[in-house]
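S.K.: here is a sequence together with a model predicted from it:
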Protein chains: 2
Amino acid sequence: MSNKFNTDLDRCRANYQPLTPLRFLDRAMDVYPNRVAAIHRGKSYTWREYGERCRRLGRALIGAGVQRGDTVAIMATNVLAMLEAQFGVPYSGAVINCINSRLDAAAVAFILEHSEAKIFFVDRQLADVAREAIAQSGRDMMVIDISEPEAGSAAPVGKIEYEDFLATAKASVELRYPEDEWDAIALNYTSGTTGNPKGVVYHHRGAYLNALGQVMTGDMVGRKTVYLWTLPLFHCNGWCYAWGLAAIGATSVCLRKVAAEEIYAAIAAYGVTHFCAAPTVLSFLIAGKPANWVAPKHPIEIICAGASPPVAVMQQTIELGFKVLHVYGMTELHGVVTLCEEQEEWGGLDLPTRCQRYGRQGVRTVVTDEMMVADPATYQPIPADGETMGEVLFRGNLGMKGYLKNPKATKDAFAGDWYHSGDLAVLHPDGYMEIKDRAKDIIISGGENVSSLEVEDVLYTHPDVLNVAVVAVPDAKWGEVPCAVVELKPDRVGSLTEEQVIAYCRQRLAGFKTPRHVIFEPIVRTATGKLQKFKLRDHVAQVIANKAKAA
Amino acid sequence: MSNKFNTDLDRCRANYQPLTPLRFLDRAMDVYPNRVAAIHRGKSYTWREYGERCRRLGRALIGAGVQRGDTVAIMATNVLAMLEAQFGVPYSGAVINCINSRLDAAAVAFILEHSEAKIFFVDRQLADVAREAIAQSGRDMMVIDISEPEAGSAAPVGKIEYEDFLATAKASVELRYPEDEWDAIALNYTSGTTGNPKGVVYHHRGAYLNALGQVMTGDMVGRKTVYLWTLPLFHCNGWCYAWGLAAIGATSVCLRKVAAEEIYAAIAAYGVTHFCAAPTVLSFLIAGKPANWVAPKHPIEIICAGASPPVAVMQQTIELGFKVLHVYGMTELHGVVTLCEEQEEWGGLDLPTRCQRYGRQGVRTVVTDEMMVADPATYQPIPADGETMGEVLFRGNLGMKGYLKNPKATKDAFAGDWYHSGDLAVLHPDGYMEIKDRAKDIIISGGENVSSLEVEDVLYTHPDVLNVAVVAVPDAKWGEVPCAVVELKPDRVGSLTEEQVIAYCRQRLAGFKTPRHVIFEPIVRTATGKLQKFKLRDHVAQVIANKAKAA
């Protein structure tokens, strides 16, 4: 509608510029020139130095013939080059594709082909897989090796070293800023619970907004933040932290290997204030506490995603001197979109009760826009009763552009103009969301929904249990019944029977939620640490069918 | 250029939504329902309550016939209704025009006419001016009175009270979110150093971004922020803090009257952590320190804009237990765009030297995008030598939409695709910008630039001086020479001669910068506290011509 407020009041370059995280680095170079941007292998790089290196990378890529809209792939641990690529590749106008370092050659080959990678940076530690993947892909691409003494002795894959490649940059080359904030900045392949991985395309706008959102959510603004890179940069570009830390001039501590010893060493050496962790890392931290550990005055913040850590683990972590912020998100939404924001009134609760609250996925972040837990068929929000389950839906500026070369999957993901997370959750009366299960992993037994996560949570409380997975198996009477796959602690193998496990659950769960079958065996996870329940279901069904036949 | 990353990867409602600060309030209502959003007249309102009141205001306005693109004016002190209007008016789809409460009736009448105001909210404290302005404007508009015991006994201007108006809201009315983030959200008239005021139009995008930028800049994120409303909400919608505080769920303390006593009382009563202040307010704070004042453990942050406060004032303020963050901006850029970000290495400087640094206008904020100090004719950046002056130019998402119904002025302001601040500054070798003068106030004497601010700074160091203004007067030999208008402290009137003032300056300034004339008289400022040097120049030229004639 035309009115006086949109007449002769148009956009121009002075009042409208594409939002892009590249501006954060430009500013950090000017505003924090002498502050440490990154520490790698004991060496510090100021924001000026780090920024110059990122720009050299951008210029070298342009010099190597990279065009806007090309894909530049990188498979690396969290070394300096990996951190630099997050800015360097976008500076060239190309799209960065960070490849999961735990994938096998076939999966990497698929990604290189599907993304049409032009240039491929390879950490020498991953050289063998990369070499095999390139061969399988049959693609002709420029390969740049990232070699460091700690990267092992595998033969190089390419013909040029990362530092030599940086040196090819011509200072006169103009950096390429996005022409539109909807331009792609990154490509991240999901592990895919069925079929081939899907390539999630990030836009500069979403990257900019979530970078700001992440540093605000993580309580990093206005203080001297030292961020330790435990979170792989190939996960949603380190949940946009690679970009967000530039917005506040924080210090990154690179980390090739994630282990308790390395984490504690970095805390001691560099005064780490923040890091991200999957719940399993918390257990490592507790077990690996150094003998001379003293809880820091200001608790170190752990931003924890994935399933909620067990209450006991959360509590021990806090008692060690950490603060745990539980967050939730997914590749398709530029990373994190909800957090368990602590309410003042929780201060009055005892620690175990608080830890239960801390494990909820919570509420939307400041840049998430809209979130709804609803019936995905009717889009009717579920009541906040802590019982009714609905699918978690999102709508806002953190939605991906879509899946690369896959309009069908994109359309499905955005059905009804909401992003469908595929996760089922309840809303507690205080409005906090708690994930109960993946939609496709829910078990329907006698018409009742059984959350596999809820049953797993109970099993994790058993002191002999190391790892569990609960899936549905077909049942003549009930349609489906829960089956628990249980991996016992190494020194407890053989200590429990199927009956004992079932009895343990029956005491703690409603009858229809209690597993009918228990299988003792190691739990197999994907390269990203995810459980592929669709595979486990087939396997379990087979095992049980065989057992029935044998009986 | 078409490529795989912009094919079948379009915007939809799930991945693209207009940026708007309204989303911050929506979220604050859900995430901080029980946290205090505002305190007014001793009464607290939670985010849920405050948000509901804002929404009622939006619905009442729609019920009263407000359309998208209409102007809703408000002239009020920093009372709750004024704070609510910042969200309530945009919720109705209308544009909020906060009118400077210090303007006279003629100026207000001009604004009401020019903005085509449909509805006018009037603080009873300002009823007489408003009544006269409405009469002068000849406009027929709905007037809503904001009456409170402290607002005085002037007769109401309209036919309905604010609270009664809120009560007209129908819950079924749908709130209006912007259809595009480029839609206008606010209209702010500049005081105008020449001619009529100009109406600066804000967009939802800029409001959203600067709201985030402001809370990040002000060190308000991740802590319990209690913000005292000393800064008039009619200044750039309280520099976007009205919106930004919702993004972090901070508490606003309303304030009808800005005086040291009120500020100290609010600090004591509500644990204020932040407020904004013109440099003059710092002097009030020092003078008005209560007898039982104890410096707070965590320094209270004062965000200070305008000319740099004198070093002595800055130092005393810090010693009182405050932290002073100097910022710089203007109405045309959604408020603040630079800040004096403290560098770690300043920690080693003594307090007076640090205070000198603190007074610089500094560097761009995280959302400012591009800033340049340059020759406005050639757009060549000036060297960072602390000497060369250039105009301060900005380009980015904080630029206004433009001036309402004034395409010529808009075009001039954005000449060369940069926003022209009209301020002259030097860049220090560390890249920090320091404003030296308004472009039109610079004095050119014998071909040399003389910064009137620099001369004023020297005069302010004289213990007898209360207020000064330095302007150019025509000179047969030098073209222009500096003339100082000096207002002595009430108990020092008559204590200084023209010769003594000139001698004082000559000891401290280069010869060509030393005033040739001194006039002793009170300094007159505009309703916004600004010096209109173009008026002063005419007046001074007249005084000196008369003196010459008389001699």
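M.R.: Nice, thanks for sending it over.
S.K.: and residue A:302, backbone torsions?
M.R.: For residue A:302, the backbone dihedrals (degrees, to the nearest 10) come out as phi -110, psi 120.
S.K.: could you check the pLDDT of it?
M.R.: On the pLDDT scale, residue A:302 is placed at 96.
S.K.: again, but for residue A:528
M.R.: 63.
S.K.: what about the residue nearest in space to the middle of chain A, distance to residue A:530?
M.R.: Centroid check for chain A by C-alpha atoms, centre = their mean gives residue A:235 as the closest residue, at 4.4 Å. To residue A:530, residue A:235 is 12 Å away according to C-beta to C-beta, to the nearest Å. To be clear about C-beta, it is placed using only N, CA and C from the backbone, and glycine gets the same treatment.
S.K.: again, but for residue A:448
M.R.: With the distance defined as C-beta to C-beta, residue A:448 ends up 26 Å from residue A:530.
S.K.: go on, residue A:467?
M.R.: Separation of residue A:467 from residue A:530 (C-beta to C-beta) stands at 13 Å.
S.K.: out of the two, which sits in the more crowded spot?
M.R.: When residue A:467 and residue A:530 are compared for neighbours, residue A:467 comes out ahead with 17 against 14, by other C-beta atoms under 10 Å in any protein chain shown.
S.K.: what residues are up against the more buried one?
M.R.: Residue A:467 makes contact with A:486, A:487, A:522, A:523, according to C-beta atoms under 8 Å, 6 or more residues apart in numbering or on different chains.
S.K.: could you look up the SS state of the last one?
M.R.: When you say that, I think you mean residue A:523. Secondary structure of residue A:523, reduced to three states by DSSP: H, G, I helix; E, B strand; the rest coil: coil.
S.K.: so it touches residue A:530, yeah?
M.R.: No - counting by C-beta atoms under 8 Å, residue A:523 stays clear of residue A:530, with 11.2 Å between them.
S.K.: just say helix, strand or coil for residue A:424.
M.R.: Assigned with three-state DSSP, residue A:424 falls in the strand class.
S.K.: what do you get for residue A:483?
M.R.: Per three-state DSSP, residue A:483 ends up strand.
S.K.: what sits opposite it in the beta ladder?
M.R.: residue A:471, residue A:517 (DSSP bridges).
S.K.: how much space separates it from residue B:89?
M.R.: Residue A:483 sits 58 Å away from residue B:89, going by C-beta to C-beta.
S.K.: tell me which of those two has more neighbours.
M.R.: residue B:89 (28 against 25).
S.K.: how near is the more buried one to residue B:36?
M.R.: For residue B:89, the distance to residue B:36 equals 23 Å [C-beta to C-beta].
S.K.: please apply the same query to residue A:404.
M.R.: Distance, residue A:404 to residue B:36, by C-beta to C-beta: 47 Å.
S.K.: the two: who's more crowded?
M.R.: Taking other C-beta under 10 Å, residue A:404 and residue B:36 do not tie; residue A:404 has more neighbours (27 against 20).
S.K.: contacting residues around that one?
M.R.: Residue A:404 neighbours (C-beta under 8 Å, 6+ apart): A:114, A:115, A:187, A:198, A:199, A:200, A:201, B:4, B:5, B:9.
S.K.: in stretch A:248-268, what's buried?
M.R.: Residues A:248-256, A:258, A:260, A:262-264, A:266-267 are the ones in stretch A:248-268 that count as buried (16 or more other C-beta atoms under 10 Å in any protein chain shown).
S.K.: cool, stretch A:458-477 as well?
M.R.: Applying a neighbour-count criterion of 16+ other C-beta under 10 Å, one finds A:458-460, A:462, A:465-473, A:475 buried in stretch A:458-477.
S.K.: got CSV for those residues, with pLDDT and secondary structure too?
M.R.: Converted to CSV, the buried residues of stretch A:458-477 look like this (pLDDT from 0 to 100; DSSP: H, G, I helix; E, B strand; the rest coil):
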residue, pLDDT, secondary structure
A:458, 88, helix
A:459, 91, helix
A:460, 88, helix
A:462, 91, coil
A:465, 90, strand
A:466, 88, strand
A:467, 87, strand
A:468, 90, strand
A:469, 91, strand
A:470, 92, strand
A:471, 92, strand
A:472, 91, strand
A:473, 90, strand
A:475, 85, strand
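S.K.: tell me the one of those nearest residue A:216?
M.R.: residue A:460 (32.2 Å; C-beta to C-beta).
S.K.: ok, that closest one - contacts?
M.R.: Counting by C-beta under 8 Å, 6+ apart, residue A:460 has contacts A:310, A:468.
S.K.: now it: how far from residue A:307?
M.R.: Counting by C-beta to C-beta, the gap from residue A:460 to residue A:307 is 10 Å.
S.K.: is any part of the helix or strand hosting residue A:28 close to chain B?
M.R.: Residue A:28 is part of helix A:22-31 when elements are defined by DSSP states H and E. Yes - using C-beta under 8 Å from any C-beta of the partner chain, we find that helix A:22-31 touches chain B at A:23, A:24, A:27, A:30, A:31.
S.K.: got phi/psi on residue A:544?
M.R.: Note on residue A:544: its backbone torsions stand at phi -70, psi -40 [degrees, to the nearest 10].
S.K.: same question, residue A:442
M.R.: phi -70, psi 150.
S.K.: and the helix or strand bottoming out on mean pLDDT in chain A, how far out from the chain middle?
M.R.: Every helix and strand of chain A was ranked by mean pLDDT, DSSP states H and E. The lowest is strand A:448-450, at a mean of 80. Its chain's C-alpha centre and that of strand A:448-450 lie 28 Å apart, by C-alpha atoms, centre = their mean, to the nearest Å.
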